[in-house]
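A.B. asks: below are the sequence and a predicted model; questions follow.
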Amino acid sequence: MSLPVITDQEFGQFQRFIFDAAGITLSASKKALVSGRLAKRLAHYQLDSYGAYYQLLGNRQKPEEVQLAIDLLTTNETYFFREPAHFDFLRARALAAVGRGQPFRVWSAASSTGEEAYSMAMVLADSLASTPWEVFGSDISSSVLHGARSGHYSMQRTDHIPPVYLTRYCLKGGGNHAGTLLIDRAIRNKVRFAQVNLNDQLPEMGLFDVIFLRNVMIYFSDDTKRDVVARVLSKLRPGGHFCIGHSESLNDITSAVETLSPSIYRKP
């Protein structure tokens, strides 16, 4: 069966679907992405149109398929130590916390496949010595979190890991696992992952010293950005720090934090 062509009407249905599910606004330029990512699901069910797949999602009898569709449409590319200035800043904040009694807690609020959370963990392990610390990683996609928990990655994804961290915190695979690496168990055990929809009421997770919410707001409308940022900042300690992507801005989004440098903010 040849691949169906997604119509403008069908694309509009999936634009509404992912906005309702995740608050993500898909521009017209994402039409090919939607078509490509969902094509295998049409083939799986032997459907001849994207509209038929949309109807299948709407009958509420396959919640696991709804989650799979959300996973396919929200998974974003990431890599270790993306935007290095933020990790330099995190290291400085961690060093300033050395010796304090309470754990130094950080949250990767859109952790995708886990590279960001593990990058944070390597920095904290290197900086905090005996000072307790925790990393929490969350994402709306259940499938990427499954991969994140494994801590198992292709070596092709490790180019940006500092060599000293690659040696200290990563295990190189051999035999059937050649060409891959595994994050050391001591690091994996310090990182907790959970499925969190930033567009819903957040679960109880305590307060954090540093929160990364990077390279995800670009997919939100301004109203959604305001709601999401307000929820996330409610989990930031007074005096804590909030990092967003370098291509993002909090202009007209919130006045609850003050700018320290581009993409880095402090909660008074």
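C.D. replies: It's in.

A.B. asks: all contacts plus neighbour counts: C-alpha atoms, from now on.
C.D. replies: OK.

A.B. asks: who's in contact with residue 157?
C.D. replies: Under the criterion of CA atoms under 8 Å, 6 or more residues apart in numbering, the neighbours of residue 157 are 79, 80.

A.B. asks: can you list the buried residues in stretch 9-29?
C.D. replies: By neighbour count, with 16 or more other CA atoms under 10 Å as the criterion, the buried positions of stretch 9-29 are 10-11, 13-15, 17-19, 22-26.

A.B. asks: with stretch 99-110 instead?
C.D. replies: Using 16+ other CA under 10 Å as the test for burial, stretch 99-110 gives 103, 104, 105, 106, 107, 108, 109, 110.

A.B. asks: please enumerate the helices of the stretch 101-250 of the chain.
C.D. replies: For the stretch 101-250 of the chain, applying DSSP state H, counting those that start in this stretch gives helices covering 115-128, 142-150, 163-169, 185-188, 222-233.

A.B. asks: is it true that residue 182 touches residue 148?
C.D. replies: No: with contact defined as CA atoms under 8 Å, residue 182 and residue 148 do not form a contacting pair (10.8 Å).

A.B. asks: can I get the buried residues of stretch 99-110 in TSV including pLDDT and distance to residue 84?
C.D. replies: Listed next are the buried residues of stretch 99-110 as TSV, based on pLDDT from 0 to 100; distance: CA to CA, whole Å:
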residue	pLDDT	distance to residue 84
103	96	24
104	98	20
105	98	19
106	98	16
107	98	17
108	98	15
109	97	17
110	93	17
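
A.B. asks: ok so, going back, out of the helices of the stretch 101-250 of the chain, deepest packed?
C.D. replies: helix 115-128 (a mean of 22; mean count of other CA atoms under 10 Å).

A.B. asks: CA atoms only: put it into PDB for me.
C.D. replies: Backbone C-alpha positions of helix 115-128 (Å, rounded to 0.1, in the frame of the first residue of the first chain) are rendered in PDB as follows:
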ATOM      1  CA  GLU A 115      21.200  13.600  27.600                       C
ATOM      2  CA  GLU A 116      20.500  16.900  29.400                       C
ATOM      3  CA  ALA A 117      19.800  15.300  32.700                       C
ATOM      4  CA  TYR A 118      22.900  13.100  32.600                       C
ATOM      5  CA  SER A 119      25.000  16.100  31.600                       C
ATOM      6  CA  MET A 120      23.700  17.900  34.700                       C
ATOM      7  CA  ALA A 121      24.500  14.900  36.800                       C
ATOM      8  CA  MET A 122      28.100  14.600  35.600                       C
ATOM      9  CA  VAL A 123      28.600  18.300  36.400                       C
ATOM     10  CA  LEU A 124      27.200  17.800  39.900                       C
ATOM     11  CA  ALA A 125      29.100  14.600  40.600                       C
ATOM     12  CA  ASP A 126      32.300  16.400  39.600                       C
ATOM     13  CA  SER A 127      31.600  19.600  41.600                       C
ATOM     14  CA  LEU A 128      29.800  18.600  44.800                       C
END
